[in-house]
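Chemist: Predicted model follows, preceded by the sequence.
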4 protein chains.
Amino acid sequence: MEDRLVIGGIELKSRLFTGTGKFPSKEAIRETLEASNSQVVTMALRRVDFDNPEENVINYIPDSFTLLPNTSGARTAEEAVRIARIAKAAGCGNWIKIEVISDNKYLMPDNQETLKATEVLAKEGFVVLPYVSPDLMVAKRLEEAGAAAVMPLGSPIGSNRGLKTKELIRILISEIDLPIIVDAGIGKPSHAAEAMEMGADAVLVNTAIATANDPVKMAQAFDYAVQAGRIAYLAGPGAVKDYASASSPLTGFLKGE
Amino acid sequence: MEDRLVIGGIELKSRLFTGTGKFPSKEAIRETLEASNSQVVTMALRRVDFDNPEENVINYIPDSFTLLPNTSGARTAEEAVRIARIAKAAGCGNWIKIEVISDNKYLMPDNQETLKATEVLAKEGFVVLPYVSPDLMVAKRLEEAGAAAVMPLGSPIGSNRGLKTKELIRILISEIDLPIIVDAGIGKPSHAAEAMEMGADAVLVNTAIATANDPVKMAQAFDYAVQAGRIAYLAGPGAVKDYASASSPLTGFLKGE
Amino acid sequence: MEDRLVIGGIELKSRLFTGTGKFPSKEAIRETLEASNSQVVTMALRRVDFDNPEENVINYIPDSFTLLPNTSGARTAEEAVRIARIAKAAGCGNWIKIEVISDNKYLMPDNQETLKATEVLAKEGFVVLPYVSPDLMVAKRLEEAGAAAVMPLGSPIGSNRGLKTKELIRILISEIDLPIIVDAGIGKPSHAAEAMEMGADAVLVNTAIATANDPVKMAQAFDYAVQAGRIAYLAGPGAVKDYASASSPLTGFLKGE
Amino acid sequence: MEDRLVIGGIELKSRLFTGTGKFPSKEAIRETLEASNSQVVTMALRRVDFDNPEENVINYIPDSFTLLPNTSGARTAEEAVRIARIAKAAGCGNWIKIEVISDNKYLMPDNQETLKATEVLAKEGFVVLPYVSPDLMVAKRLEEAGAAAVMPLGSPIGSNRGLKTKELIRILISEIDLPIIVDAGIGKPSHAAEAMEMGADAVLVNTAIATANDPVKMAQAFDYAVQAGRIAYLAGPGAVKDYASASSPLTGFLKGE
């Protein structure tokens, strides 16, 4: 039996979600996304220029991908809801990543407004993936509100700082039945592998890939790392020990000569 | 041009070195080694039972592998030298991993005796891979003594504790021209990926694979993780930032409506 | 000019807040509190037995302390408000630490209900210190709601795991004008010192003191550590460097002989 | 019974060792050393200008201090031995901190040469405190050679990076009977407290104090932090837990009303 992540009725083989921001060029997006083996890509709706196909980021996304439009730019639940509806009307499908951010320095999400938007959009039939600051009680309410997954941040967006909220994410993984997708802050493949080893269901990586010297290679690296972490989680790691433990018995090799 | 690690004149595609200790059964060794894609495997010479082929661990190592016999059990340079010569005479080739350990609790290597054994064996034409507690000056002397690589420990053997000596290993990577192969302590694929991202040339993983619930799967996970870390190192990661950095500009989406 | 923390109009010299839970005996509480030099102590109102003075924890608190009754046991804002009013009516003063917790495993606070209780109680003239999972937007709303301080957790209550949410707390310190008091998870004096070095205004320590083998000594240790961290913050630490930097010039000592 | 550290027959109350390098002025040295409550101070012999008392750093060291001249500048055991003898002849006493460093970038000590110098100087009656890269087998040999203590580095000299070699230092503390004095890399009081909580016998702090904006205040901060860590070690910390543990029972407060 194959290991699959199911979200909104779609079976995903890859547990690496990607994004379209910060790439050196639009042309680089397609090649990188293909190298990543990812099947879900997020993009800011405001970057979709419907009147100008050449400028439209959607034209650079391979057809095999599920689109995950996000509401970046929204500062309130109401704005997020509005963006989600525009995205759907524009043919971007019914998946939506809710980002509600009014903090300009750390870009920390507003969990309360995100919850409100989730309640509204889940009722309207969206597959809602809310981006949150990791918080157990908020995650429980998102679950009740009909979210399809919870996307806690590892560290501030675009900081590449890694899993600085590990302790809180671990609690979500333990207590929440929805898929947990670590989003934001993952800066290196080892961070992605660690999130997966902890039992996260997927990770979303954008900045770390798009701002690498070689985004295509880095996308491949993240693909491997996410697979490594997931397989290790399934393989059941051995115990961590305080002391050493010899790989082979230490007795007697030369003694009996 | 392909990325290859060259040691003792042999070109290696895989940067994951493996071992034969602690497996649940000898049969498990072959399948796991194959799944790992590794090309170099270490084994304790005392585990080689020359009189009894069925018990001989070598019979369970795929032919494609380069053997890296180790001197585990040696407590002095002299004993290590003796084991190395026996290994060569027994047809195990001229690669040798020097382990000299007299500490029974943490199994910490004896750098001084290891250096002595390296000097002797390098002169005899061995491809010498010394296992050491990470120490810049010792690594410099090993380089002068003709070592083929330096194998610093990440944490005590078999502890699965990860890269606890990261700061010292980073100095070796920066200052030593020989390949640096992190050996001991790597407990999870994310640890291996991190070592490779730092610029280590390879890692040796035994306990973490052999003691997993599913060693075959775990071997595959480490294969992917080592590739992920190496590719990321070559791809040149983006900057780590103190603050957030939006994936797309935050201005104006809904403002102009 | 002396360094003082002012909360609710009270000038505090000590930045170590303490608690009364988990002590081996009520007698141990007084001696420990005195050794801590703390000036604020929290206690669960349900532990106050008004009918039975000998059992009443308040009788073991030195008079010099400001009482900080907490609402532990409350699962909703409404319950927290009720407990706060009872505490005030019972003569415990007008300070209140709001704890609203319905998660039984990790005891993670409910930020949303805590915010609601804060709004109500601040209007009633309480000096409100809400205990929260660290979240920038929640902290901003608590500020608007009239909280006297924000008390983010370092890790789950009683876990002694340390500052696992450091990254999020640092953001609160940077962005919120209220005093930030790290509460929960601090297990060792070094954790408390680190919180203070980061710029936290105070820390609350209960379990780590009460469950030490020698609570009186441990209280003294935390007193010193909190002072150490605060003074270091004020003294302005030197830069952290990637490389070494000699304490004295390396040139020439024996060269000129 | 008071807690004292005994080295070379001298009973020390303070477990904070200090240095004289990198201060903004010689005048700042005296005031800072006094504020530190330290009783042992290290200084580079080459900074002792015997012909010019005003320039002589020794004149700025309070009389109550035990001098710990160091051999910085030495690149070999022979040079270190020579400096030690000069120091003694010049009236600096018979304590000597051996520093042998030939690496110019990370200033990593040369354990092998340090061991040689220790053997010679211990036989000559010096109280020898060797500065080393942490390594169990080297520490055992230093013990046999008659060292009075072992001084492992936490991270490169002057880097303020903290206890990056914690795992190796912990092994020394566990296995070596000599006092373990963590020297180099300690950048903040919390680092010092952590070293002491682990069971280190003392710490040496120079750069972090001398390069603070306010060295006098920072010296006081380190004094408190070292005491905090030591007392905590003696007080026996409580257990670290995976889950939360309520400070008071969670049952029933409002239920029975």
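Modeler: Received it, and whenever you're ready, just let me know what you need. Numbering: from 1, shown residues only, chains lettered A, B, ... in the order given.
Chemist: Are stretch A:190-201 and chain C in contact anywhere?
Modeler: No. Stretch A:190-201 lies out of reach of chain C by Cβ under 8 Å from any Cβ of the partner chain, never closer than 13.3 Å. Yep, even glycine has a C-beta here, placed from its N, CA and C like the rest.
Chemist: and that stretch, does that touch chain B?
Modeler: Yes. Contact of stretch A:190-201 with chain B (Cβ under 8 Å from any Cβ) involves A:190-191, A:193-194, A:197.
Chemist: same deal with stretch A:6-17?
Modeler: No. Interface with chain B: stretch A:6-17 contributes nothing (Cβ under 8 Å from any Cβ), its closest point being 10.9 Å away.
Chemist: what about that stretch, start to end distance?
Modeler: Terminal residues of stretch A:6-17 are spaced 13 Å apart (Cα to Cα, to the nearest Å).
Chemist: buried stuff in that stretch?
Modeler: Buried positions in stretch A:6-17, judged by neighbour count with 16 or more other Cβ atoms under 10 Å in any protein chain shown: A:7-8, A:12, A:14-17.
Chemist: for the record, mean pLDDT for it?
Modeler: If you average the pLDDT over stretch A:6-17, you get 96.
Chemist: mind putting the residues of stretch A:190-201 next to chain B in JSON lines, distance to chain D included?
Modeler: Listed next are the residues of stretch A:190-201 next to chain B as JSON lines, based on distance: Cβ to the nearest Cβ, whole Å:
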{"residue": "A:Ser190", "distance to chain D": "18"}
{"residue": "A:His191", "distance to chain D": "19"}
{"residue": "A:Ala193", "distance to chain D": "21"}
{"residue": "A:Glu194", "distance to chain D": "18"}
{"residue": "A:Glu197", "distance to chain D": "17"}
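Chemist: now those residues as a markdown table including neighbour count?
Modeler: Listed next are those as a markdown table, based on neighbours: other Cβ atoms under 10 Å in any protein chain shown:
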| residue | neighbour count |
| --- | --- |
| A:Ser190 | 31 |
| A:His191 | 30 |
| A:Ala193 | 35 |
| A:Glu194 | 27 |
| A:Glu197 | 23 |
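Chemist: which one of those sits closest to C:Leu33?
Modeler: Taking Cβ to Cβ as the measure, C:Leu33 lies nearest A:Glu194 of the residues of stretch A:190-201 next to chain B, at 41.3 Å.
Chemist: how far away is the residue nearest to that closest one when sequence neighbours are not counted from chain C?
Modeler: Excluding its sequence neighbours, the residue lying closest to A:Glu194 (Cβ to Cβ, 6 or more residues apart in numbering or on different chains) is B:Ser190, at 3.9 Å. Separation of B:Ser190 from chain C (Cβ to the nearest Cβ, to the nearest Å): 18 Å.
Chemist: what secondary structure does B:Ser190 sit in?
Modeler: helix (DSSP: H, G, I helix; E, B strand; the rest coil).
Chemist: Specify which residues of the stretch 51-200 of chain A, grouped into ranges, have pLDDT under the cut-off.
Modeler: A:53-54 (pLDDT under 70).
Chemist: Do I have it right that A:Val6 meets A:Leu12?
Modeler: Yes. Using Cβ atoms under 8 Å, A:Val6 is in contact with A:Leu12, at 7.2 Å.
Chemist: related to what we said a few turns ago, include distance to B:Ala235 when you put the residues of stretch A:190-201 next to chain B into CSV, please.
Modeler: Converted to CSV, the residues of stretch A:190-201 next to chain B look like this (distance: Cβ to Cβ, whole Å):
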residue, distance to B:Ala235
A:Ser190, 13
A:His191, 15
A:Ala193, 16
A:Glu194, 19
A:Glu197, 22
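Chemist: ok, so of the residues you listed, who is nearest chain C?
Modeler: For the residues of stretch A:190-201 next to chain B, the minimum distance to chain C (Cβ to the nearest Cβ) is 13.3 Å, reached by A:His191.
Chemist: mind listing what the closest residue to that closest one other than its chain neighbours touches?
Modeler: The shortest distance from A:His191 to any non-neighbouring residue, by Cβ to Cβ, 6+ apart, is to A:Gly162 (4.3 Å). Shown in contact with A:Gly162 (Cβ atoms under 8 Å, 6 or more residues apart in numbering or on different chains): A:154-155, A:185-188, A:191.
Chemist: do A:Val100 as well
Modeler: Contacts of A:Val100 by Cβ under 8 Å, 6+ apart are A:71, A:74-77, A:79-80, A:109-110, A:113-114, A:117.
Chemist: and if we set it to 10 Å?
Modeler: Applying Cβ atoms under 10 Å, 6 or more residues apart in numbering or on different chains, we find A:Val100 in contact with A:71-81, A:83, A:109-118, A:130-132, C:137.
Chemist: Would you check that the residue nearest to A:Glu194 makes contact with A:Ile186?
Modeler: No. Using Cβ atoms under 10 Å, B:Ser190 is not in contact with A:Ile186; the gap is 11.5 Å.
Chemist: Give the other helices and strands that the longest helix anywhere in chain A contacts.
Modeler: Taking DSSP state H as the assignment, the helix of chain A that covers the most residues is helix A:215-235. If contacts are counted by 3 or more Cβ pairs under 10 Å, 6 or more residues apart in numbering or on different chains; DSSP states H and E, helix A:215-235 sits against strand A:16-19, helix A:26-36, helix A:189-198, strand A:202-205, helix A:207-210, helix B:189-197, helix B:207-210, helix B:215-235.
Chemist: now the ones you listed as CSV including distance to B:Lys166?
Modeler: Formatted as CSV, the helices and strands packed on helix A:215-235 follow (distance: least, Cβ to Cβ, whole Å):
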stretch, distance to B:Lys166
strand A:16-19, 26
helix A:26-36, 28
helix A:189-198, 11
strand A:202-205, 23
helix A:207-210, 20
helix B:189-197, 8
helix B:207-210, 17
helix B:215-235, 13
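Chemist: Indicate which one of these is closest to B:Glu2.
Modeler: helix B:215-235 (11.3 Å).
Chemist: How far off centre is stretch A:158-165?
Modeler: How far stretch A:158-165 lies from its chain's middle: 13 Å, per Cα atoms, centre = their mean, to the nearest Å.
Chemist: Likewise for stretch A:153-162?
Modeler: With Cα atoms, centre = their mean, you get 12 Å for stretch A:153-162.
Chemist: before we move on, what about stretch A:16-25?
Modeler: The mean C-alpha position of stretch A:16-25 is separated from the chain mean by 12 Å, Cα atoms, centre = their mean.
Chemist: Now that stretch: buried residues?
Modeler: For stretch A:16-25, by 16+ other Cβ under 10 Å, it's A:16-23.
Chemist: List just the nearest of those residues to A:Ala148.
Modeler: Set against A:Ala148, the nearest of the buried residues of stretch A:16-25 by Cβ to Cβ is A:Phe17 (12.7 Å).
Chemist: Relative to A:Leu129, how far out is the closest residue in space to the closest one that isn't next to it in sequence?
Modeler: Using Cβ to Cβ, 6+ apart and skipping residues adjacent in sequence, the residue nearest A:Phe17 is A:Leu204, 3.9 Å away. Separation of A:Leu204 from A:Leu129 (Cβ to Cβ, to the nearest Å): 9 Å.
Chemist: The two - which one has more neighbours?
Modeler: Taking neighbours as other Cβ atoms under 10 Å in any protein chain shown, A:Leu204 and A:Leu129 compare with A:Leu129 leading, 29 against 26.
Chemist: Identify the residues contacting the more buried one.
Modeler: Here A:Leu129 is in contact with A:7-8, A:17, A:40, A:42, A:68, A:70, A:95-99, A:118, A:142, A:147-151, A:178-179, A:181, A:183, A:204 (Cβ under 10 Å, 6+ apart).
Chemist: Selecting buried members of the residues you listed in PyMOL, what would you type?
Modeler: Only the buried entries of the contacts of A:Leu129 go into this PyMOL selection, using 16+ other Cβ under 10 Å:
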select buried, chain A and resi 7+8+17+40+42+68+70+95+96+97+98+99+118+142+147+148+149+150+151+178+179+181+183+204
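Chemist: Distance-wise, check A:Lys241 relative to D:Thr165.
Modeler: 19 Å.
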